[in-house]
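Engineer: Here is a sequence together with a model predicted from it:
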2 protein chains.
Amino acid sequence: MANHRIDPTTLPGRPCSLASALQLVGERWAMLAVREVMFGNHQFGQLARNTGAPTDRLAARLKDLVAAGILERRREPTSRYDGYYLTEAGQALGEAMQPLTRWGDRWAVTEPPMRATHHDHQVVVRQVCAVCGEEIGADVVREMTVPGWDAAGPVDPQPTR
Amino acid sequence: MANHRIDPTTLPGRPCSLASALQLVGERWAMLAVREVMFGNHQFGQLARNTGAPTDRLAARLKDLVAAGILERRREPTSRYDGYYLTEAGQALGEAMQPLTRWGDRWAVTEPPMRATHHDHQVVVRQVCAVCGEEIGADVVREMTVPGWDAAGPVDPQPTR
DNA sequence: CCTCATCACTTTGAAAATCAAACCTAGATG
DNA sequence: CATCTAGGTTTGATTTTCAAAGTGATGAGG
């Protein structure tokens, strides 16, 4: 497992876990490849057909995702070819992508092309805090832990001198 | 509000709300711009500084996000310039981006550069089903509602014939 | 043994997107 | 009037993306 973590202060703009996450999975086709692996499709050809990505781009993305420790390439037991599988980070990413999919259902598509159910009813996602059980909403406070930044942007130590 | 919804069957690959969502907000800098607006930064210059995006790219993204109905451009009361604000879809997107940020905290960065708290304790996100209250995990079943596709990929009506 | 098919890529050459930097416009400031 | 600031747009070079063709390894059919 590679686990190429990024120091967010080396990225342009505000140091932020979202920016770092997008550095790993923000390029085109990356999340769709993870989606397919999550759906149980492990072969390169399946990923290519089901994402619609050009094969050279897909090959590059898969290489990156393996290097980032999100996918793992290993031999399929039933076949002579390798398959791509989710690591623990990849599993977690798959779950983190669900709210984005749900957002797409609600705001991005004319008609949702998939239905997510468990126990024979449709899943309606709610984000709650595991500590206090309350729904997470607008009362979340964000503190920057890196010096030089606050919510409004970079803080100048001496403004113009 | 523009509300450019996408018919997911017109996209390459599997018709999917995630692919549609990424069509709207998957390009570089788009989510970071939404993040900044969510943090209360509404001016173009702030968005440029805080995202680190080139101004031409940022201008293009903001135009797209406004056209997609995610941001709204309106006159600042305190200034003679316009500012960018979240629509209802943009608010919802901001919330959908949180799990991705949390994933980044855990898997993408060397050290989280921000801390999210409410009521003086750190937020730990848990996704639960609003219908039954159970945590959403692996027991989610996905059914495709469009013909020609299942979880494994495209279904051929007559295979080779 | 020879041909053909399948799978997983890689290479190629053209088109499109991205970038940093320079430039532009309109209104305030000195 | 000259300069400054904010909010972009334009420019020209670089990089990325794309579809399509090619490669090489394995196995099946005749």
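Structural biologist: It's in. Residues are numbered from 1 along each chain as shown, chains lettered A, B, ... in the order given.

Engineer: quick one: contacts for the spatially most central residue of chain A?
Structural biologist: The centre of chain A sits closest to residue A:93, judged by Cα atoms, centre = their mean, with a distance of 4.6 Å. By Cβ atoms under 8 Å, 6 or more residues apart in numbering or on different chains, the residues touching residue A:93 are A:25, A:31, A:34, A:70, A:86, B:103, B:107. (Each C-beta comes from the backbone N, C-alpha and C, glycine too.)

Engineer: so the second one touches residue B:18, yeah?
Structural biologist: Think residue A:31. Yes: contact between residue A:31 and residue B:18 holds when scored by Cβ atoms under 8 Å: they sit 6.5 Å apart.

Engineer: any shared contact partners between these two?
Structural biologist: Both residue A:31 and residue B:18 are in contact with A:97, A:100, where contact means Cβ under 8 Å, 6+ apart.

Engineer: what's the weakest-modelled helix or strand in chain A?
Structural biologist: Ranked by mean pLDDT, DSSP states H and E, the weakest helix or strand in chain A is strand A:125-129, scoring a mean of 85.

Engineer: Do that strand and chain B come into contact?
Structural biologist: Yes: against chain B, strand A:125-129 shows contacts by Cβ under 8 Å from any Cβ of the partner chain at A:125-129.

Engineer: Does residue A:95 touch residue B:125 like I think?
Structural biologist: No: using Cβ under 8 Å, residue A:95 is not in contact with residue B:125, being 10.0 Å away.

Engineer: list residues touching both of the two?
Structural biologist: With Cβ under 8 Å, 6+ apart, residue A:95 and residue B:125 have common neighbours residue B:99.

Engineer: circling back: can you name the next helix or strand after the least confident helix or strand of chain A?
Structural biologist: Next in sequence after strand A:125-129, counting helices and strands by DSSP states H and E, comes strand A:141-144.

Engineer: Would you list the strands that that next one pairs with, along with their directions?
Structural biologist: strand B:114-118 (antiparallel) (DSSP bridges).

Engineer: The partner strand vs strand B:125-129, what angle?
Structural biologist: If you take axes from the mean of the first three to the mean of the last three Cα atoms, to 10 degrees, strand B:114-118 sits at 50 degrees to strand B:125-129.

Engineer: Quick check: mean pLDDT of the longest helix along chain A?
Structural biologist: Longest helix in chain A by number of residues, with DSSP state H as the criterion: helix A:88-103. For helix A:88-103, mean pLDDT is 95.

Engineer: circling back: restricting to C-alpha, output the least confident helix or strand of chain A in PDB.
Structural biologist: Output of strand A:125-129 as PDB, limited to C-alpha atoms (Å, rounded to 0.1, in the frame of the first residue of the first chain):
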ATOM      1  CA  VAL A 125     -29.000   9.900   3.800                       C
ATOM      2  CA  ARG A 126     -28.700  12.100   6.900                       C
ATOM      3  CA  GLN A 127     -25.300  13.100   8.300                       C
ATOM      4  CA  VAL A 128     -25.100  13.000  12.000                       C
ATOM      5  CA  CYS A 129     -22.300  13.600  14.500                       C
END
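
Engineer: so how far is the longest helix of chain A from its chain's centroid?
Structural biologist: On the basis of Cα atoms, centre = their mean, to the nearest Å, helix A:88-103 sits 6 Å off its chain's mean C-alpha point.

Engineer: Give me the buried stretch members for that helix, please.
Structural biologist: Across helix A:88-103, burial judged by 16 or more other Cβ atoms under 10 Å in any protein chain shown covers A:89-103.

Engineer: Closest one to residue A:78 out of these, please.
Structural biologist: Within these, the smallest distance to residue A:78 is 21.0 Å, found for residue A:90 (Cβ to Cβ).

Engineer: how about the nearest residue to that closest one, chain neighbours excluded?
Structural biologist: Closest residue to residue A:90 apart from its sequence neighbours, by Cβ to Cβ, 6 or more residues apart in numbering or on different chains: residue A:70 at 4.4 Å.

Engineer: Tell me the pLDDT of residue A:140.
Structural biologist: 84.

Engineer: burial count for it?
Structural biologist: Residues near residue A:140, counting by other Cβ atoms under 10 Å in any protein chain shown, number 14.

Engineer: next SSE after the helix or strand in which residue A:45 is found?
Structural biologist: Using DSSP H and E, residue A:45 maps to helix A:44-51. Remark: after helix A:44-51, the chain's next helix or strand is helix A:55-67, criterion DSSP H and E.

Engineer: In terms of secondary structure, what does that following helix contact?
Structural biologist: helix A:17-25, helix A:30-38, helix A:44-51, strand A:71-75, strand A:82-86 (3 or more Cβ pairs under 8 Å, 6 or more residues apart in numbering or on different chains; DSSP states H and E).
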